[in-house]
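**Student:** compute the structure for the input listed below.
(chains A and B)
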Number of protein chains: 2
Amino acid sequence: MRLSKKERQKKLTLALEAEPFLTDEEMARRYGVSIQTIRLDRMELGIPELRGRIKYMAEKNFDHVRSLYPEEVVGQVTELKLDHSGISLLEIREEHVFARNRIARGHHLFAQANSLAVAVVDAEVVLTATASIRFIRPVRLGERCVAKAYVTKETHHRTQVDVQTTVEEEIVFQGVFDVYRSKEDS
Amino acid sequence: MRLSKKERQKKLTLALEAEPFLTDEEMARRYGVSIQTIRLDRMELGIPELRGRIKYMAEKNFDHVRSLYPEEVVGQVTELKLDHSGISLLEIREEHVFARNRIARGHHLFAQANSLAVAVVDAEVVLTATASIRFIRPVRLGERCVAKAYVTKETHHRTQVDVQTTVEEEIVFQGVFDVYRSKEDS
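**Tutor:** Got it, this is the predicted structure:
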């Protein structure tokens, strides 16, 4: 059952608010239309293409990472509010998957989540103490992992950060990270 | 207080039984003698150099990894008894550390432990379900991480693997990994 153009554009707007990293390809598949149709929809709605959306979000929502060099974060950080929350995006490429089954290796999802948990903390020296993680469903080549981190607890030298990673709104990974902050900076 | 040669050679033999991956440099530092002295000790005791010891252990204690390609294991596997235990060695190099403080990034220690936990399981398809991990002390550039994995529980489709990573017998990382095995192979 195909949606009317109006219905589709409404859904598309809502979907992009919830998942700003949706590609045109994913939306085309989701609504059963061509990629060209999605592009026209976006133009009519004044929604920039993915690259523009990422750039915009990064400029708008970006505190500076203190705890590590920005290039040391695994994935692309698109939102960062120090000691509060952060979002990063990791596209699963050839170098991330098992040769045999094209499933992403767990340590890459861990690295994305762990480095985001460290990046979110407002201190010069931040080290992971413990982590409890859950791989909820396998992630495959080409999928785009959106990790969202929230600071959930802060004590004198420790910060607890909860991270949830999704692929098209489906949860694929969850982790609770307990990190140390250096004394001087807390 | 310097040990006599006899005492030193006795300690050295015991140390290498406990930690077969000790380098001559580490032993020299530990016993306050020159590297040359350690080499002479080894020759007198008939103990091969590190490279030879790794090769020997790998040939002697090696089941074939089934769950992933051998080159996909992070670190060098030196002992593997399927569904029982395994040992791997990871030397922390430039690419593993934070630029700022030369401390190994957590995801590399995680990757070593996680891939060893997967490698010990005797099945074609093995995926990590959950992990509880603890970084006990920072690991620095040049340190050699020895991960030991033991299968501690097996149920129908799940295997629990405990991993402990040490640097010169000091525990630096601990993890409990709960992995899925594929139905066909369990």
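
**Student:** now the residue nearest the centre of chain A: how far from A:Ile171?
**Tutor:** The residue lying closest to the centre of chain A (Cα atoms, centre = their mean) is A:Val146, at 2.4 Å. Separation of A:Val146 from A:Ile171 (Cβ to Cβ, to the nearest Å) stands at 10 Å. C-beta coordinates here come from the backbone N, C-alpha and C atoms, glycine included.

**Student:** give me the common contacts of those two.
**Tutor:** Counting by Cβ atoms under 8 Å, 6 or more residues apart in numbering or on different chains, the contacts common to A:Val146 and A:Ile171 are A:Thr165.

**Student:** can you pull the phi/psi pair for the residue nearest to the centre of chain A?
**Tutor:** With angles defined as degrees, to the nearest 10, A:Val146 sits at phi -100, psi 110.

**Student:** next one: A:Gln112
**Tutor:** Dihedral angles for A:Gln112 - degrees, to the nearest 10 - are phi -60, psi -50.

**Student:** what count of nearby residues applies to it?
**Tutor:** 28 (other Cβ atoms under 10 Å in any protein chain shown).

**Student:** so what are the domain limits for chain A?
**Tutor:** Following automatic domain parsing, chain A resolves into domains at A:5-56, A:61-185.

**Student:** need the winner for burial among those.
**Tutor:** Stretch with highest mean neighbour count among those: domain A:61-185 (a mean of 19; mean count of other Cβ atoms under 10 Å in any protein chain shown).

**Student:** and chain B, is that domain touching that?
**Tutor:** Yes: Domain A:61-185 is in contact with chain B by Cβ under 8 Å from any Cβ of the partner chain, via A:68-69, A:72, A:74, A:98-101, A:103, A:105-107, A:110-111, A:114-115, A:125, A:127-135, A:138.

**Student:** out of those, which are inside strands?
**Tutor:** Per DSSP state E, strands hold the following members of the residues of domain A:61-185 next to chain B: A:127-135.

**Student:** what comes into contact with the lowest-mean-pLDDT helix or strand in chain A?
**Tutor:** Least confident element among the helices and strands of chain A, by mean pLDDT, DSSP states H and E: helix A:50-60 (a mean of 74). Applying Cβ under 8 Å, 6+ apart, the external contacts of helix A:50-60 come out as A:16, A:20-24, A:47-48, A:76-79, A:87, A:89.

**Student:** for stretch A:33-48, same thing?
**Tutor:** Contacts for stretch A:33-48 (Cβ under 8 Å, 6+ apart): A:2, A:5, A:8-9, A:12-13, A:16, A:24-25, A:27-28, A:31, A:49, A:53, A:56.

**Student:** what's the most distant pair in the residues you listed?
**Tutor:** Using Cβ to Cβ, the contacts of stretch A:33-48 reach their maximum pairwise distance at A:Arg2 and A:Tyr56, which is 30.7 Å.

**Student:** distance of the residue nearest to A:Glu25 when sequence neighbours are not counted relative to A:Asp41?
**Tutor:** Among residues not flanking A:Glu25 along the chain, A:Ile35 sits closest, at 6.0 Å (Cβ to Cβ, 6 or more residues apart in numbering or on different chains). Remark: distance between A:Ile35 and A:Asp41 (Cβ to Cβ) = 10 Å.

**Student:** try A:Val172
**Tutor:** 27 Å.

**Student:** what's the angle from the host helix or strand of A:Gly175 to strand A:126-135?
**Tutor:** Per DSSP states H and E: A:Gly175 is located in strand A:170-181. Put simply, strand A:170-181 runs at 160 degrees to strand A:126-135, going by axes from the mean of the first three to the mean of the last three Cα atoms, to 10 degrees.

**Student:** show me what strand A:170-181 is in contact with.
**Tutor:** A:109-110, A:113-114, A:117-118, A:121, A:123, A:125-139, A:145, A:147, A:152, A:157-166.

**Student:** what about that strand, average pLDDT?
**Tutor:** The pLDDT scores in strand A:170-181 average 94.

**Student:** coming back round to it: dump the domains of chain A to a markdown table, plus distance to B:Glu94.
**Tutor:** Shown next, in a markdown table, are the domains of chain A (distance: least, Cβ to Cβ, whole Å):
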| stretch | distance to B:Glu94 |
| --- | --- |
| domain A:5-56 | 30 |
| domain A:61-185 | 13 |
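
**Student:** so what's the model's average confidence on stretch A:75-93?
**Tutor:** Per-residue scores along stretch A:75-93 average to 93.

**Student:** on the three-state scheme, A:Val161 is what?
**Tutor:** Three-state call for A:Val161 (DSSP: H, G, I helix; E, B strand; the rest coil): strand.

**Student:** let me know the distance separating it from A:Arg181.
**Tutor:** Separation of A:Val161 from A:Arg181 (Cβ to Cβ): 11 Å.

**Student:** between these two, what contacts are shared?
**Tutor:** Joint contacts of A:Val161 and A:Arg181 (Cβ under 8 Å, 6+ apart) are A:Val121.

**Student:** re the thing from before, inside helices: which ones of the contacts of stretch A:33-48?
**Tutor:** For these, the ones inside helices are A:5, A:8-9, A:12-13, A:16, A:24-25, A:27-28, A:31, A:53, A:56, with DSSP state H as the criterion.
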